[in-house]
Structures are given as structure tokens and as C-alpha cells.
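Enquirer: Here is my input; please provide its structure:
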Amino acid sequence: MWLKFVVVSVVSLPLLPLLVRDGRKIRESLPVLPEASEPEGRLAGPSPLQLLCLGESTVAGVGVTTHREGIAGAFAEEIAALLGRGVEYRVLARNGYTLKMVRRRFLPKLSRAQENGFTPELILVGIGGNDAFTLNRPWQFRKELRGLIAGIRERCPEARILFCNMPPIKDFPAFTRLIKFTVGNWVEMLGGVSG
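Expert: Have a look, this model is predicted:
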């Protein structure tokens, strides 16, 4: 991973002005989609499992109307079918958030949710795309990831933590080849980081 970081960094550094230009063009041409509504939901069934979905735009439901139609709802349905239980889910996610922002802004909200009787048994985390776009260094990403896991463990010691795959930037048709190469490789590097 470190060799890849050095190679991608050395190759990408002189291309930064072109990356900024491409990013601006893409931002101007793509519509801004709102986040999904209804960040809390429930699937009927016995002894409901409490599920927390935490993260960035994909978890925030950008592109769907309600969270029931997004990752939270789809994952809740799969868990309910798999376990034969109901699922109560909540979403703490924002478009554009990096791992550092998720950690700092949502861990306190998790503590408040527990005070109100919501203690997740399962936490689904979707992060990393925005860290790749900001070219967050792998060692900084690892530090923030460890901090997030420690913060979750401190608040929910019994909860199981699952991570979504990183977004497949290299497959996004709206991105230029330069962005697919640079940010796509960055996503792969960050996806290889372990807590």
C-alpha cells in the first residue's frame, strides 16, 4: 500500500491543476441530489434488532426519496429476512462528510440516541469516498478509522460493526479518466487500510 501511495502521489501531484479543473466541470454538470428523508424506520417482527447506519452520501440516501429505498432500508430488509426478526433502524449520515467529520459529529449523537433508548446491536458504516476526493493520507485515514471504532466501542461495546465497500470511483461514467485514475486509486488505497 505504501509503495502505491508514493507512486500515485508522485504521478498525481503535477496533475492537481487538471484534477481541480475536471472536478469543477463535473460539479457544474451534475445535478445536486438531496439526501433521503425519514432517517428512522421499523420493519415489523419479533424482538426488533436495533441497526444504526453511519456515514457519507451513500448512507445518507443521496439519489433516493426515503431511507427505506436506500442502503438503510435494503440492509434492514436483508437482516430481518436473515434473522427472522424485526429491525428498527436509524441513519446518521451526511453528503460530503469525511471519516473525521463522521467521527466528530455523529459519535456524540450516538450517545444521545442511547440516552433515548436506542442502543444499536449492529452498526453499518459507509465512509471513504470523500476521504479519497480530499486525498486524505492513508495513515491519517487509519488514525481516524481507529478513533471511530474506539468511539463506537466505548458507546456500544456489544454492537457488531460492519463496513460497506468503498465506492467504485473507477466505474463512475460521469468522471474523467484522470479522476478515475487518481481518485479511483486513492479509494483502493484507503479501502486497503485496516483499523
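Enquirer: rest of the way, CA atoms for contacts and neighbours
Expert: Noted.
Enquirer: Quick check: residue 97 touching residue 54?
Expert: No - contact criterion CA atoms under 8 Å: residue 97 and residue 54 do not qualify, at 10.7 Å.
Enquirer: Which of these two has more residues huddled nearby?
Expert: residue 54 (25 against 20; other CA atoms under 10 Å).
Enquirer: contacts for the one helix or strand that one maps to?
Expert: Using DSSP states H and E, residue 54 falls within strand 49-55. Strand 49-55 has contacts (CA atoms under 8 Å, 6 or more residues apart in numbering) with 59, 72, 76, 85-94, 97, 99, 102, 106, 118-127.
Enquirer: Check these for burial and list the buried ones.
Expert: 59, 72, 76, 85-94, 97, 99, 102, 106, 118-120, 122-127 (16 or more other CA atoms under 10 Å).
Enquirer: So which of those belong to strands?
Expert: 87, 88, 89, 90, 91, 92, 93, 122, 123, 124, 125, 126 (DSSP state E).
Enquirer: what are the ranges of the helices in this protein?
Expert: 2-12, 16-29, 57-60, 71-83, 99-115, 129-133, 138-155, 177-191 (DSSP state H).
Enquirer: now those helices as TSV including mean pLDDT and distance to residue 169?
Expert: Output for the helices of the chain, formatted as TSV (pLDDT from 0 to 100; distance: least, CA to CA, whole Å):
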stretch	mean pLDDT	distance to residue 169
helix 2-12	69	15
helix 16-29	79	13
helix 57-60	94	13
helix 71-83	96	18
helix 99-115	90	17
helix 129-133	90	8
helix 138-155	95	17
helix 177-191	86	5
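Enquirer: need these in a markdown table with distance to residue 37, can you?
Expert: Output for those, formatted as a markdown table (distance: least, CA to CA, whole Å):
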| stretch | distance to residue 37 |
| --- | --- |
| helix 2-12 | 38 |
| helix 16-29 | 23 |
| helix 57-60 | 9 |
| helix 71-83 | 12 |
| helix 99-115 | 18 |
| helix 129-133 | 21 |
| helix 138-155 | 24 |
| helix 177-191 | 28 |
